[in-house]
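Engineer: what follows is a predicted protein model with its sequence.
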Amino acid sequence: MGTVTDDEVIRKRLLIDGDGAGDDRRINLLVKSFIKWCNSGSQEEGYRQYQHMLSTLSQCEFSMGKTLLVYDMNLREMENYEKNYKKIECSIAGAHEKIAECKKQILQAKRIRKNRQEYDALAKVIQRHPDRHETLKELEALGKELEHLSHIKESVEDKLELRRKQFHVLLSTIHELQQTLENDEKLSEVEEAQETSMETDPKP
């Protein structure tokens with residue numbers, strides 16, 4: 001025998017017990033009314049039992065129709081959740097592509113800037129042919145510039161790390177949202193079944 005899922009168990013229970021409002025009890029009462037009708041001693045008693053059976057059948061049919069409507073509504077909600085989930089997956093894939101493209105652009109910009117700065121520095125040295133003092137000053141300035149670029153590089157790397165963390169948080173939030181939607185759906189089904197049971201249970 002295969003493994004029975006929770007959905008199958010709930011569906012079988014609904015088929016047996018309607019919307020959870022005691023249809024199995026109504027069926028038992030219907031059988032008892034039928035037996036009483038068969039054993040009725042007078043026409044008046046038989047007519048009363050007959051009317052009672054019709055009323056019970058009407059209640060069972062109404063409960064079955066309501067259960068089918070709830071079931072169809074749940075199916076539509078599941079389809080809607082599936083569509084939303086696919087949209088979220090597409091958004092995540094698009095975010096991955098954008099992040100990868102941004103990384104490429106940052107690396108390319110860093111290489112271009114580094115090469116440009118090195119070329120400018122060398123061109124200035126070659127054109128000016130400064131003395132030792134001026135050369136040292138320029139070397140010192142280049143050192144500061146390199147240090148500044150190093151800080152910029154660290155800043156860019158920190159921003160990349162922050163973006164990675166933010167993206168991880170985004171994925172976690174999406175997963176939690178999906179879990180919350182599933183939990184809300186199950187809770188809604190339980191609450192609806194409880195409310196229907198309270199509305200349809202016969203008063204003592």
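Structural biologist: Great, that's in hand.

Engineer: just give me the longest helix of the protein.
Structural biologist: The longest helix of the chain (DSSP state H) is helix 43-128.

Engineer: that one - what's its average pLDDT?
Structural biologist: The predicted model gives helix 43-128 an average pLDDT of 84.

Engineer: and it, what does it pack onto?
Structural biologist: helix 6-17, helix 23-38, helix 132-200 (3 or more CB pairs under 8 Å, 6 or more residues apart in numbering; DSSP states H and E). In this view, the C-beta of every residue, glycine as well, is placed from N, C-alpha and C.

Engineer: mind redoing it with 7 Å?
Structural biologist: Packing partners of helix 43-128 (3 or more CB pairs under 7 Å, 6 or more residues apart in numbering; DSSP states H and E): helix 23-38, helix 132-200.

Engineer: which residues does stretch 109-127 contact?
Structural biologist: Stretch 109-127 is touched from outside by 138, 142, 145, 153, with contacts defined as CB atoms under 7 Å, 6 or more residues apart in numbering.

Engineer: same question for it: list its buried residues.
Structural biologist: Residues of stretch 109-127 classed as buried: A121 (neighbour count, 16 or more other CB atoms under 10 Å).

Engineer: and the longest helix of the chain with helix 23-38, angle?
Structural biologist: For helix 43-128 against helix 23-38, the angle by axes from the mean of the first three to the mean of the last three CA atoms, to 10 degrees is 170 degrees.

Engineer: got the angle for helix 43-128 vs helix 132-200?
Structural biologist: 180 degrees.

Engineer: if we can go back for a sec, now list the buried members of the contacts of stretch 109-127.
Structural biologist: The buried subset of these - by 16+ other CB under 10 Å - is L142.

Engineer: for the helices and strands packed on helix 43-128, which one ends up most surrounded?
Structural biologist: Of all those, helix 23-38 carries the top mean neighbour count, a mean of 15, counting by mean count of other CB atoms under 10 Å.

Engineer: which neighbouring elements make contact with that helix?
Structural biologist: In this structure, helix 23-38 packs against helix 6-17, helix 43-128, with contacts taken as 3+ CB pairs under 7 Å, 6+ apart.

Engineer: distance to L160 added to those helices, as TSV?
Structural biologist: Output for these, formatted as TSV (distance: least, CB to CB, whole Å):
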stretch	distance to L160
helix 6-17	43
helix 43-128	7
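
Engineer: so which of those gets nearest Q179?
Structural biologist: When the helices and strands packed on helix 23-38 are compared by CB to CB, helix 43-128 sits nearest Q179, at 11.7 Å.

Engineer: give me the distance between the closest one and the centre of its chain.
Structural biologist: Here the centre of helix 43-128 is set off from its chain's centre by 6 Å, with CA atoms, centre = their mean, to the nearest Å.

Engineer: next: stretch 144-154.
Structural biologist: For stretch 144-154, the distance to the chain centre is 43 Å (CA atoms, centre = their mean).

Engineer: list of residues touching that stretch?
Structural biologist: 110, 117.

Engineer: quick revisit: can you redo the helices and strands packed on helix 43-128 as a markdown table with distance to K83 and mean pLDDT?
Structural biologist: Shown next, in a markdown table, are these (distance: least, CB to CB, whole Å; pLDDT from 0 to 100):
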| stretch | distance to K83 | mean pLDDT |
| --- | --- | --- |
| helix 23-38 | 34 | 74 |
| helix 132-200 | 12 | 84 |
